[in-house]
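Visitor: The sequence and its predicted three-dimensional model are supplied below.
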Amino acid sequence: MGKVIVVTSGKGGVGKTTTSAAMATGLALRGHKTVVIDFDVGLRNLDLVMGCERRVVFDFINVINGDAKLNQALIKDKRIDKLYVFPTSQTRDKDALKRDGVDKVMDELREEFDYIVCDSPAGIEHGALTALYHADHAVIVTNPEISSVRDSDRIIGMLASKSRRAERNEAPVAEHLLLTRYSPDRVARGEMLSIDDVKEILSVRILGIIPESETVLRASNTGTPVILDPTSPAGRAYEDAVARFLGEQRELRFAMPERRSFLRAWFGRAS
Amino acid sequence: MRLFEFLFPRHAPSASVAKERLQLVLAHERAGREGPDFLQDLQKDLLRIVQKYVEASDDAIEVRLGRNGSASVLEINVELPGRQMLQPARRALSHL
């Protein structure tokens, strides 16, 4: 039976889709058959970040409505074996994800895949609740910034009360905190909440720190999951996060500022 | 310039302020989430009734559900600062 991972945050723009693409690609690279699903009905974007936007024929809603079979809608990644993308539709009806239909699709996916990564929409409405309902694991994507931390706390509350595991009184959804857009320099200067601050406030175990990096935009510009960019610090950080998710011990990189020469540190801003 | 800023920072570090504010607001929000759904409605209704008779601010009432041995206890705290009891709300006076 496959495991369902929801990538969620409450707040928009914190890096859910970037994280979903990177995590799914990382899991497939490690040999696990993985599908990444876009739950953001009406605002399809995962296809762009994964670089398969021109290959979308059928989508999630088509499958739920019985207009297409599941394997007609799954897009096999051209770069990574064992990686599939399940796009959502561009319909404006957010309630198009009917619970029965989603249940059936998720059951089928659990049979077929090792990991099912669900890219949640922002907010705490129907779409976000549908995305988290089936979760076994939740990756809570948070920026070191007050509104993001508050919204993450809200979503953690939802996981504890609205998930299927909660409804059935099963073991709770396993929560993992991923701190994105982290700037070690600003943390060192006392301008940004630190990883320890956020961990203390949310009491969730740390999956990783993703440093703020220009390479993330370059990756989405070209439709390449950032984890596939060997020069990207964010990519390396996602690699660590995937390894930790799979139970490996890895030292937490990017928590502290890089050591720089005396002159550059004091007289110039290196980035 | 950077050396100058380093030695004489213009702003106090703001991260600690952020942390403190977050801890306060989340403590409040978590307390509201954990109780049964009707507690917030009850709080609003009670506030409306209290405000009908005395001047009370919008955060004057605290409603909590707790336990005392085998019984559940509904605890309602109404805070009226100073000599409020001597100044009935205008709406209450109009009934006289």
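Guide: Ah, there it is.
Visitor: Let me see the backbone angles for the residue in the stretch 151-271 of chain A that chain B sits nearest to.
Guide: Taking Cβ to the nearest Cβ, chain B has its nearest neighbour within the stretch 151-271 of chain A at A:Gly190, 2.5 Å off. Quick note: C-beta positions are derived from backbone N, CA and C, even for glycine. Dihedral angles phi and psi of A:Gly190 (degrees, to the nearest 10) take the values phi 80, psi 20.
Visitor: Please name the nearest non-neighbouring residue to it.
Guide: If the residues on either side of it in the chain are set aside, A:Gly190 comes closest to B:Pro13, at 2.5 Å by Cβ to Cβ, 6 or more residues apart in numbering or on different chains.
Visitor: coming back round to it: doesn't B:Ala15 make contact with the residue of the stretch 151-271 of chain A closest to chain B?
Guide: Yes. Counting by Cβ atoms under 8 Å, a contact exists between A:Gly190 and B:Ala15, whose distance comes to 5.1 Å.
Visitor: wait, A:Tyr84 sits on A:Val35?
Guide: Yes. Under the criterion of Cβ under 8 Å, A:Tyr84 is in contact with A:Val35, at a separation of 4.3 Å.
Visitor: Quick check: neighbours shared by those two?
Guide: In the contact map built from Cβ atoms under 8 Å, 6 or more residues apart in numbering or on different chains, the residues linked to both A:Tyr84 and A:Val35 are A:74, A:113.
Visitor: For the stretch 101-250 of chain A, what lies in contact range of chain B?
Guide: Those residues of the stretch 101-250 of chain A that sit near chain B, judged by Cβ under 8 Å from any Cβ of the partner chain, are A:145-146, A:149-150, A:153-154, A:157, A:187, A:189-194, A:197, A:201.
Visitor: residue contacts, A:Arg150?
Guide: When the contact criterion is Cβ under 8 Å, 6+ apart, the partners of A:Arg150 are B:22, B:25-26, B:29.
Visitor: Show the end-to-end separation of stretch A:45-55, please.
Guide: Terminal residues of stretch A:45-55 lie 13 Å apart, using Cα to Cα, to the nearest Å.
Visitor: Stretch A:222-233 too?
Guide: 17 Å.
Visitor: can you give me how far it is from the chain middle?
Guide: Between the centre of stretch A:222-233 and the centre of its host chain there is 15 Å, according to Cα atoms, centre = their mean, to the nearest Å.
Visitor: Show me the contact partners of it.
Guide: By Cβ under 8 Å, 6+ apart, the list of residues contacting stretch A:222-233 from outside reads A:18, A:21-22, A:24-26, A:29, A:48-53, A:79, A:211, A:213, A:215-216, A:218-220, A:234-235, A:238-239, A:242, A:254.
Visitor: That stretch - what's its average pLDDT?
Guide: If you average the pLDDT over stretch A:222-233, you get 95.
Visitor: so A:Val139 touches A:Ile206, yeah?
Guide: No. At 11.3 Å, A:Val139 and A:Ile206 do not qualify as touching, with contact defined as Cβ under 8 Å.
Visitor: Tell me the residues that contact both of the two, please.
Guide: Taking Cβ under 8 Å, 6+ apart as the contact criterion, the residues that touch both A:Val139 and A:Ile206 are A:His176.
Visitor: in the chain, which spans are helices?
Guide: Answering for chain A, as no chain was given. According to DSSP state H, chain A carries its helices in the segments A:16-29, A:46-50, A:60-64, A:70-73, A:99-112, A:126-133, A:146-162, A:164-167, A:184-188, A:195-202, A:214-222, A:233-245, A:262-267.
Visitor: The chain in question should be chain B.
Guide: Shown for chain B, the helices assigned by DSSP H span residues B:2-7, B:15-34, B:38-53, B:90-93.
Visitor: Before we move on, what's the pLDDT of the residue of chain B found nearest chain A?
Guide: Closest to chain A within chain B is B:Pro13: 2.5 Å, counting by Cβ to the nearest Cβ. In this model, B:Pro13 is scored at 83, pLDDT.
Visitor: next one: A:Arg269
Guide: Per-residue pLDDT puts A:Arg269 at 51.
Visitor: that older thread, output the helices of chain A as TSV; include the columns distance to A:Asp93.
Guide: Formatted as TSV, these follow (distance: least, Cβ to Cβ, whole Å):
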stretch	distance to A:Asp93
helix A:16-29	21
helix A:46-50	19
helix A:60-64	8
helix A:70-73	18
helix A:99-112	13
helix A:126-133	10
helix A:146-162	21
helix A:164-167	23
helix A:184-188	41
helix A:195-202	33
helix A:214-222	27
helix A:233-245	33
helix A:262-267	54
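Visitor: which stretch in those helices is the model least sure about?
Guide: Ranked by mean pLDDT, those bottom out at helix A:262-267, which scores a mean of 61.
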